[in-house]
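[1] Next input, structure requested:
(4 chains)
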Amino acid sequence: MADPDLIARVVDRTISSADLANEIASDQDGAVVCFEGRVRTRNRGRQVVRLHYEAYSEMADETRREIAVEALRRHGARTVAVLHRIGTLEIGEVSVAIAASAAHRSDAFEVVRYVIEQVKDRLPVWKREEYADGSSEWLDGVSPPAEREGSE
Amino acid sequence: MADPDLIARVVDRTISSADLANEIASDQDGAVVCFEGRVRTRNRGRQVVRLHYEAYSEMADETRREIAVEALRRHGARTVAVLHRIGTLEIGEVSVAIAASAAHRSDAFEVVRYVIEQVKDRLPVWKREEYADGSSEWLDGVSPPAEREGSE
Amino acid sequence: MTPGEIPIHVLLFGYYRELLGAPSVEVSLPAGARVEDLLGRLRQLPELAVLPDRPAVAVNRRYADSSRSLSRGDEVALLPPVAGG
Amino acid sequence: MTPGEIPIHVLLFGYYRELLGAPSVEVSLPAGARVEDLLGRLRQLPELAVLPDRPAVAVNRRYADSSRSLSRGDEVALLPPVAGG
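    Sure thing, here's the model as predicted:
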């Protein structure tokens, strides 16, 4: 797929997979799969009141685009879109939204699954949890793989 | 899970997984996965102009509920909702919408995947495709498994 | 209806409904008849002679196999291969 | 800056930014220096002495390994383990 149709952005406004799904849906496609990551009230046994997301935005936009291109190369989906929100998020708000559209459902599922796993593994985004007791903490994350320059 | 929270209906109005997702989302859950089946312009090489869905509605409501209960038993998701539309659908319209909400994303993906596969395998719904040349045809379907009475 | 027989109201859907030209048909079967007996009787209708060997049947809104016995008042349905989603 | 050295502007994010108390730091390194040399220099700053053995580094917005050599004008960033999603 030489020029896959994809959308990839970091934004500091409310996001939803439904908006994405409607953006990417096509008359040729029979299946749309969406994923939303939402802020939970509890994490690792602590009461969370809000989250602060910070990104290396310039790199994140490129990484997200790379991930989407890889996902479409590996699977037969026609389109995938991914948004990651930054800034302060309240409980229940959507931090990451992904939508994929494909002729057949397996491809749509696999693309979305691939994208969220890669987002978690290598998107340069960090989060700080704020707790009910007023304290806050940077979350332990995943060490990204070194040197991906050769992969494209 | 004694009384899983689920929604399962056959309806003859427009449906969307976004509405479902918002209905089922919970502050305890970090992941929402949605699936939408949409009417495609082409199927098996023919130009489709619209689809007509017919259901054995009373049985379909029970089957859909069974599928949702099974899905939640097998996987750790907290909630799953599924709607199937009947009547006449134009290209791009949503025929089936599924949404699941779970603490962790794997469960949400697996529940949605299970539900759509089971819907295709055993939900008593039939569709007739109407083509650009004015003809129409009942689609070949899946022979449902015999005797599921013992399974509950 | 022969004495000792039970009336069975059979719902048809999709392609089968088109074959018959009606949404349901009433047949009467001996008490203790099974789904397979019902299918044999339905195949005697010229419109339904082309039914496949083992069409799906639901009894009281659940899929039933051909040895399932039928009782008065059962809700029986003849289901073409399903094509939802 | 010693003659022959190149200035490297290093961006910090998340926890590392909090450690340093600033979003970036400027260091100068000999021409031909590698990522590992940069890390050695950064560890000399008291605030960054606690850096892990092999923190993730991006050069020009791509993850880079420790043997990657640095050139004038490279955009270098020091990245804590990522926690998006």
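[2] going forward, measure contacts and count neighbours with C-alpha atoms only.
    Fine.
[3] Hmm, residue A:114 is touching residue A:71, no?
    Yes. With contacts counted by Cα atoms under 8 Å, residue A:114 reaches residue A:71, the gap being 6.3 Å.
[4] where do the helices sit along chain C?
    C:14-20, C:35-43 (DSSP state H).
[5] Check chain A too.
    A:17-24, A:57-74, A:105-122.
[6] Looking at residue A:114 and residue A:71, which is more packed in?
    residue A:71 (22 against 17; other Cα atoms under 10 Å in any protein chain shown).
[7] Can you get me a residue count around residue C:73?
    Applying other Cα under 10 Å, we find 11 residues neighbouring residue C:73.
[8] OK, contacts around the nearest residue to it once chain neighbours are set aside?
    Nearest residue to residue C:73 in three dimensions, chain neighbours excluded: residue C:8, at 7.2 Å (Cα to Cα, 6 or more residues apart in numbering or on different chains). Taking Cα atoms under 8 Å, 6 or more residues apart in numbering or on different chains, we find residue C:8 in contact with C:26-29, C:72-76.
[9] what does residue A:18 give?
    Taking Cα under 8 Å, 6+ apart as the test, what residue A:18 contacts is A:34, B:17-18.
[10] rerun at 10 Å
    Each residue near residue A:18 by Cα atoms under 10 Å, 6 or more residues apart in numbering or on different chains is listed here: A:24, A:33-36, A:97-99, B:16-19, B:21, B:34.
[11] before we move on, what about residue A:34?
    Taking Cα under 10 Å, 6+ apart, we find residue A:34 in contact with A:16-18, A:20-21, A:80-82, A:97-101, A:108-109, A:112-113, B:17-18, B:32-36, B:99, B:109.
[12] That one: what's its closest spatial neighbour, skipping adjacent residues?
    residue A:99 (4.3 Å).
[13] That neighbour pairs with what?
    Here residue A:99 shows beta-bridge partners residue A:34, residue A:81, assigned using DSSP bridges.
[14] if we can go back for a sec, make a PyMOL selection of whichever of the contacts of residue C:8 turn out to be buried.
    Selection of buried members from these for PyMOL, criterion 16 or more other Cα atoms under 10 Å in any protein chain shown:
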select buried, chain C and resi 28+29+74+75+76
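[15] can you tell me which of the contacts of residue C:8 lies nearest to residue A:49?
    Checking the contacts of residue C:8 against residue A:49 with Cα to Cα, the nearest one is residue C:75 at 53.2 Å.
[16] any idea how far the residue nearest to residue A:34 is from residue D:7?
    Distance of residue A:99 to residue D:7, given as Cα to Cα, to the nearest Å: 42 Å.
[17] which residues does the residue positioned nearest the centre of chain A contact?
    The centre of chain A sits closest to residue A:96, judged by Cα atoms, centre = their mean, with a distance of 4.3 Å. Neighbour list for residue A:96: A:10, A:15-17, A:35-39, A:82-86, A:116, A:119, B:31, D:84-85 [criterion: Cα under 10 Å, 6+ apart].
[18] Leaving out sequence neighbours, find the closest residue to it.
    With Cα to Cα, 6+ apart, the residue lying closest to residue A:96 is residue A:84, at 4.4 Å.
[19] In chain C, what residue lies closest to chain D?
    residue C:85 (29.7 Å; Cα to the nearest Cα).
[20] measure that residue to residue B:55 for me?
    Residue C:85 is 11 Å from residue B:55, by Cα to Cα.
[21] Equivalent analysis for residue C:27, please.
    In this view, residue C:27 and residue B:55 are 23 Å apart by Cα to Cα.
[22] go on, residue A:62?
    47 Å.
[23] For the two, work out which one has more neighbours and name it.
    Legend: neighbour count by other Cα under 10 Å for residue A:62 and residue B:55, higher for residue B:55 (23 against 16).
[24] and residue 43, how many neighbours?
    With no chain named, the answer covers chain A. 14.
[25] nope, chain C
    The number of residues packed near residue C:43 is 15, by other Cα under 10 Å.
[26] How about the contacts made by it?
    When contacts are counted by Cα under 10 Å, 6+ apart, residue C:43 is found next to C:37, C:49-52.
[27] which of the residues you listed are buried?
    Neighbour-count burial (16+ other Cα under 10 Å) applied to the contacts of residue C:43 gives C:37, C:51.
[28] on that earlier part again, gap between the residue nearest to residue A:96 and residue A:105?
    Going from residue A:84 to residue A:105 by Cα to Cα gives 24 Å.
[29] Next: residue A:35.
    On the measure of Cα to Cα, residue A:35 and residue A:105 end up 14 Å apart.
[30] Quick check: residues of chain C near chain A?
    Where chain C comes near chain A, counting by Cα under 10 Å from any Cα of the partner chain, the residues are residue C:85.
[31] In chain C, which residue sits nearest chain B?
    residue C:64 (3.9 Å).
[32] Next up, phi/psi of the residue located most distally from the centre of chain A, please.
    Distance from the C-alpha centroid of chain A peaks at residue A:133, with 29.2 Å (Cα atoms, centre = their mean). Dihedral pair for residue A:133: phi -80, psi 10, per degrees, to the nearest 10.
[33] where does chain A dip in pLDDT?
    A:1-8, A:146-152 (pLDDT under 70).
[34] who's in contact with residue 16?
    Picking chain A for this. Taking Cα under 10 Å, 6+ apart, one finds A:34-37, A:83, A:93-99, B:18 in contact with residue A:16.
[35] Hmm, no, I was thinking of chain C.
    In this structure, residue C:16 makes contact with C:22-24, C:47-48, C:50-51, C:78-80, judged by Cα under 10 Å, 6+ apart.
[36] and if you look at residue C:61?
    Taking Cα under 10 Å, 6+ apart, we find residue C:61 in contact with B:56-63, B:124, B:149, C:74-77.
[37] Then residue C:66?
    So residue C:66 contacts B:146-147, C:34-39, C:54-57 (Cα under 10 Å, 6+ apart).
[38] Please repeat the previous calculation with a cut-off of 7 Å.
    C:34-36 (Cα atoms under 7 Å, 6 or more residues apart in numbering or on different chains).
[39] which one of these has the most neighbours?
    residue C:35 (20 neighbours).
[40] How about the contacts made by that one?
    Per Cα under 7 Å, 6+ apart, neighbours of residue C:35: C:66-70.
[41] want to try CSV for the residues you listed, with pLDDT as columns?
    Formatted as CSV, the contacts of residue C:35 follow (pLDDT from 0 to 100):
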residue, pLDDT
C:66, 95
C:67, 96
C:68, 96
C:69, 96
C:70, 97
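[42] Taking those residues, please make a ChimeraX selection of just the buried ones.
    ChimeraX command restricting these to the buried ones, with burial defined by 16+ other Cα under 10 Å:
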select /C:66,68,69,70
